[in-house]
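Chemist: need a 3D model of the sequence below.
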Amino acid sequence: MNELPAVRSYPEDIEARVAELLAHVPAGPVPETVGADLYLDLAENAVRQACAWQQAKGMVGDPYAPPGVETPMSTARYAGALGRLIAAGRCADLLDRAADALEYCVSRLDHSQRTGERLLGADFYLRDVMVCYGALEPHVPRDRADSWRERLSALEPRRLYYGGANWKFYAATGEVLRARYAAGGDAEFVDRMIDSEMPHWTAQAMYRDPHDPVTYDLTVRQNLAMMLNNGYAGRHRDWMRDILHRGALAMLLFVSPTGVAPYGGRSNQFHIMEGMIAYLAEWQAQQELAAGNTLLAGALRRVALNAAAAVRRWFLRDPYFPTKTFLYPEQAFGHDGYGGGLPSHTSYGMLAANLFGAAYHVADESIPPGPAPYDVGGYVLYLAEAFHRLWATAGPYHIEIDTRGQRGHDATGLGRLHKRGVPVETALNMSIVAQPSYRVPVARAERSVALGVGWPEGESWRYLAQADRQTHRVEVEVARETGPVEFTVTYVSTDGGLGQAARVIERYCLSESGLRCTCVVSGASRVRLQVPVIETNGEDEGTTNLSAGLLEVKYAGHRYEVRVAEATGEPRLEPFRAANRNAIYRVAVFEAQGPQISYSAELD
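Modeler: Residues are numbered from 1 along each chain as shown. Modelled structure (predicted):
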């Protein structure tokens, strides 16, 4: 075994690791993928459904919100998505609807400017408004286009925008687009916004929105790419290009072979994440080709198109589902409840359509998709100083571990187990928390759940999944990445944060045949293993068979099997159900004598 030293984040040189992986692409056919027209298909399907929710004055509502109520940014995002489609030669029959939506948005911006009345989410408006304006300007009467441009040119950033963190980048992109279309634009404002967020970038070129949600790293970098694509030439141009290059390398290692984005933090499991990945990867592929990095360009195109393909089962249907579930759309299952608790069906549905439409416009189909790191493997990416997550990929398998979970969002431990070709929720696509910050209109889990270990705590039991960012410190050692991927995660209790467990050790081995893991709780006389077991995603249902040391699940034509070597007695299902943003699960529990329990997990 090739022993590697324990480090903080891993690998220390992501660029070298990606280059090494792409240099070892096996001979054979290039992985089959889809074409860029899929981006437009996804966007058009959603936009045409949203036409039914457009009111007489152009506002676009939400099918699950009260009549006449606009959920935040919905109309602007509809306008932007429709603008992308019209610019691509589609939806010419919807020109009038696009113009009505644009007039509604421009009027709201103008009203806010004149009266000083704050427009909810104003920072997000102009980016999409300007996209729609650019698409419609050649198709509408001159006096109407001039009216839009005159009112847009009069907007003053200091009076319009008010948000922080990722909001600043949306506002900055809006200003860049205003400049592109000769409708104002404040270049110094753009640079000041970027200046103010400089302390929030990691060594891996990822942006830290408060509490490290993955979605907002992706969205900020997508805005940077969009600024450059629309002519930004300010003093941060070279820095932005470097951030986007290095951030794309990290992205190649954290995206699942199934195509879906990572879990972690708020606004997760919406297809906007795959839309952001598609845009970022398509745009960066052009830059890498220009720099002579043809293998990297091909890998990025593969990841971009695979991201779009991954969301078809939810998004390319009528009605579309904006998140990765079919459960309770009328109750906004899995939504965060922004804008006073309103659903995000239209708002995030139209943003996804907008992003996929944008990805089409930056796609260079002369670049053939080539193998990505997840087609080669194996590798580990561990972000220690921020995000606190680890990803590992070997063969068709992929896992994600949150080493320091967040209450309300993510449990500590193994929260994702994927295999290419198997529905992502079959084993687990994200962990389960007892008090989710997002909507779960069913009985909530009695405790947080990940695939992992528990130990006695007085008369009850404590599970690693219940730990958070204050309970422990983490040590990660990567032992092997050639063939099977082997590494150890050690959770060391701080100030008694893990109760009677001073140290919890998990030794992982991920290979083409599945996952093996040994869990050790120092000093424990007994240990338990909890395993989420899918019940339903709203469309498919799982059937479960539990026997001594064995869990078998059949789901959507696939099989999930967990074997527990040291298990004693009969396993059991907990009496409660446990839901995350994807599905409703049961929880199987195995017990072993002594401080150690080992398991293997396979998907077919």
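Chemist: how many other residues sit next to Leu316?
Modeler: Residues within reach of Leu316, counting by other CB atoms under 10 Å, total 16. No exception for glycine: its C-beta is placed from N, CA and C like everyone else's.
Chemist: and it, how far is that from Gly80?
Modeler: Look at Leu316 and Gly80: by CB to CB, to the nearest Å, they are 20 Å apart.
Chemist: what do you get for Thr33?
Modeler: Thr33 is 26 Å from Gly80, where distance means CB to CB.
Chemist: check contacts around Phe590.
Modeler: By CB atoms under 8 Å, 6 or more residues apart in numbering, the residues touching Phe590 are 528-529, 531, 549, 564, 567, 571, 597, 599.
Chemist: Val25: how many residues sit nearby?
Modeler: 17.
Chemist: what sits against the residue lying closest to it once chain neighbours are set aside?
Modeler: Spatially, and ignoring its direct neighbours in sequence, Val25 is nearest to Pro371 (4.6 Å; CB to CB, 6 or more residues apart in numbering). Taking CB under 8 Å, 6+ apart as the criterion, Pro371 is in contact with 22, 25-26, 30-31, 298-299, 302.
Chemist: show me these that map onto helices.
Modeler: Of the contacts of Pro371, the ones assigned to helices by DSSP state H are 22, 298-299, 302.
Chemist: just give me how far stretch 353-365 sits from the chain centre.
Modeler: Stretch 353-365 sits 18 Å away from the centroid of its parent chain (CA atoms, centre = their mean, to the nearest Å).
Chemist: oops, could you answer that again for stretch 416-428 instead?
Modeler: Relative to its chain's centre, stretch 416-428 lies at 15 Å (CA atoms, centre = their mean).
Chemist: any idea how far stretch 131-149 is from the chain center?
Modeler: 34 Å.
Chemist: quick one: buried residues of that stretch?
Modeler: 131-137, 140, 145, 148-149 (16 or more other CB atoms under 10 Å).
Chemist: quick one: contacts of it?
Modeler: 79-80, 82-84, 86-87, 95, 98-99, 101-103, 105-106, 152, 177, 180-183, 354, 358.
Chemist: for it, what is the average pLDDT?
Modeler: For stretch 131-149, mean pLDDT rounds to 98.
Chemist: span of that stretch from start to end?
Modeler: Stretch 131-149 has an end-to-end distance of 13 Å (CA to CA, to the nearest Å).
Chemist: please, which helix or strand holds the residue of the chain most remote from its centre?
Modeler: Within the chain, the residue lying farthest from the chain centre (CA atoms, centre = their mean) is Asp143, at 41.9 Å. Mapping Asp143 onto the secondary structure by DSSP states H and E places it in helix 142-153.
Chemist: equivalent analysis for His418, please.
Modeler: With DSSP H and E as the test, His418 turns up in strand 413-419.
Chemist: what's the longest helix in the chain?
Modeler: Longest helix in the chain, counting residues (DSSP H): helix 95-115.
Chemist: how far away from the center of its chain is the following helix or strand past that helix?
Modeler: Once helix 95-115 ends, the next helix or strand along the chain (criterion: DSSP H and E) is helix 122-136. Relative to its chain's centre, helix 122-136 lies at 24 Å (CA atoms, centre = their mean).
Chemist: quick one: helix 122-136 to helix 95-115, angle?
Modeler: Angle of helix 122-136 versus helix 95-115, following axes from the mean of the first three to the mean of the last three CA atoms, to 10 degrees, is 140 degrees.
Chemist: show me what the lowest-mean-pLDDT helix or strand in the chain is in contact with.
Modeler: Using mean pLDDT, DSSP states H and E, the weakest-scoring helix or strand in the chain turns out to be helix 338-341, at a mean of 86. Residues from elsewhere that reach helix 338-341, judged by CB under 8 Å, 6+ apart: 71-72, 120-121, 344, 347.
Chemist: repeat that for 10 Å
Modeler: Residues outside helix 338-341 that contact it (CB atoms under 10 Å, 6 or more residues apart in numbering) are 62, 65, 69-74, 120-121, 266-267, 332, 335, 344, 347-348, 439.
Chemist: give the next helix or strand downstream of it.
Modeler: Counting by DSSP H and E, the next helix or strand C-terminal to helix 338-341 is helix 345-362.
Chemist: immediately after that next one, which helix or strand?
Modeler: Sequence-wise, the next helix or strand downstream of helix 345-362 (DSSP H and E) is helix 373-376.
Chemist: and the helix or strand just after that next one, what does it pack against?
Modeler: Toward the C-terminus, helix 373-376 is succeeded by strand 379-383 as the next helix or strand (DSSP H and E). With contacts taken as 3 or more CB pairs under 10 Å, 6 or more residues apart in numbering; DSSP states H and E, strand 379-383 sits against helix 14-23, helix 237-254, strand 389-394, strand 397-402, strand 472-480, strand 485-493.
Chemist: give me the mean pLDDT for strand 379-383.
Modeler: Here the average pLDDT along strand 379-383 is 98.
Chemist: now it, how far from the centre of its chain.
Modeler: Strand 379-383 sits 17 Å away from the centroid of its parent chain (CA atoms, centre = their mean).
Chemist: residues making contact with the next helix or strand after the helix holding Asp143?
Modeler: Toward the C-terminus, helix 142-153 is succeeded by helix 157-160 as the next helix or strand (DSSP H and E). Here helix 157-160 makes contact (CB under 10 Å, 6+ apart) with 109, 112-114, 116, 118-119, 122-123, 125-126, 171-172, 174-175, 178, 184-186, 188-190, 192-193.
Chemist: ok, of these, which come out buried?
Modeler: For those, a burial check counting by 16+ other CB under 10 Å picks out 109, 112-113, 119, 122-123, 125-126, 171-172, 174-175, 178, 184-186, 189-190, 193.
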